[in-house]
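>>> Sequence first, then the predicted structure, then my questions.
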Amino acid sequence: MSAIQDQDAALANAETFLKDAFENKQVWALKHDEGGWASCESKDYEDTAIFLFWSSEDSAAQYGQDDWKDFKPTLIELELFIETWLKGLDQEDHMIGMNWEPGLFGLEVEPLEIANKLRSGDI
């Protein structure tokens, strides 16, 4: 797959996330059995963590293997996601990834950009 195709797939995945999250009023993340959430280091920003979210339990479950075998898909209500998660991640200078592909590929996005889109329904 070319870089352009990768970018197109990442954009499509992010759009699907936003549409599904807005319609279903929920998102999914992977939570460790002992606490903590699935995240990885940014490829684009030094000293920045990317917290990963998916629009379905099945999509999140695909990542609950290998390094994240002790993580379980966990539902987050949309209002909580917007008002608590995204605000907190922004305050801590983290980014988010939406519906990332296996191999940890996807867009790295500012949390407040997503909060604004989800609040307004501008998807």
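Here it is on my side, so go on. Numbering: from 1, shown residues only.
>>> List the beta-bridge partners for the residue most central in space within the chain.
The chain has residue 53 as the residue nearest its centroid, 2.7 Å off, counting by CA atoms, centre = their mean. Beta bridges link residue 53 to residue 98, judged by DSSP bridges.
>>> who are the neighbours in contact with it?
17, 27-29, 76, 81, 96-99 (CB atoms under 8 Å, 6 or more residues apart in numbering). In this view, the C-beta of every residue, glycine as well, is placed from N, C-alpha and C.
>>> and the lowest-mean-pLDDT helix or strand in the chain, what other elements does it pack with?
For the chain, the helix or strand with the lowest mean confidence is helix 3-24, at a mean of 88 (criterion: mean pLDDT, DSSP states H and E). Judged by 3 or more CB pairs under 8 Å, 6 or more residues apart in numbering; DSSP states H and E, the packing partners of helix 3-24 are helix 78-80, strand 95-98, helix 111-120.
>>> And for residue 44, the neighbour number?
Using other CB atoms under 10 Å, residue 44 has 9 neighbouring residues.
>>> which SS class is it?
coil (DSSP: H, G, I helix; E, B strand; the rest coil).
>>> With adjacent residues omitted, what lies nearest to it?
Leaving out its chain neighbours, the residue that sits closest to residue 44 by CB to CB, 6 or more residues apart in numbering is residue 108, at 5.5 Å.
>>> circling back: quick check: buried residues in the least confident helix or strand of the chain?
By neighbour count on 16 or more other CB atoms under 10 Å, the buried set for helix 3-24 is 9-10, 13-14, 16-18, 20-22.
>>> of the residues you listed, closest to residue 39?
Of all the buried residues of helix 3-24, residue 39 sits closest to residue 17, with 16.3 Å by CB to CB.
>>> my read: the closest one touches residue 97, true?
No - at 9.3 Å, residue 17 and residue 97 do not qualify as touching, with contact defined as CB atoms under 8 Å.
>>> How many residues are close by the nearest residue to residue 77 once chain neighbours are set aside?
Leaving aside its sequence neighbours, residue 77 sits nearest to residue 26 (CB to CB, 6+ apart; 5.7 Å). The tally of other residues near residue 26 (other CB under 10 Å) stands at 17.
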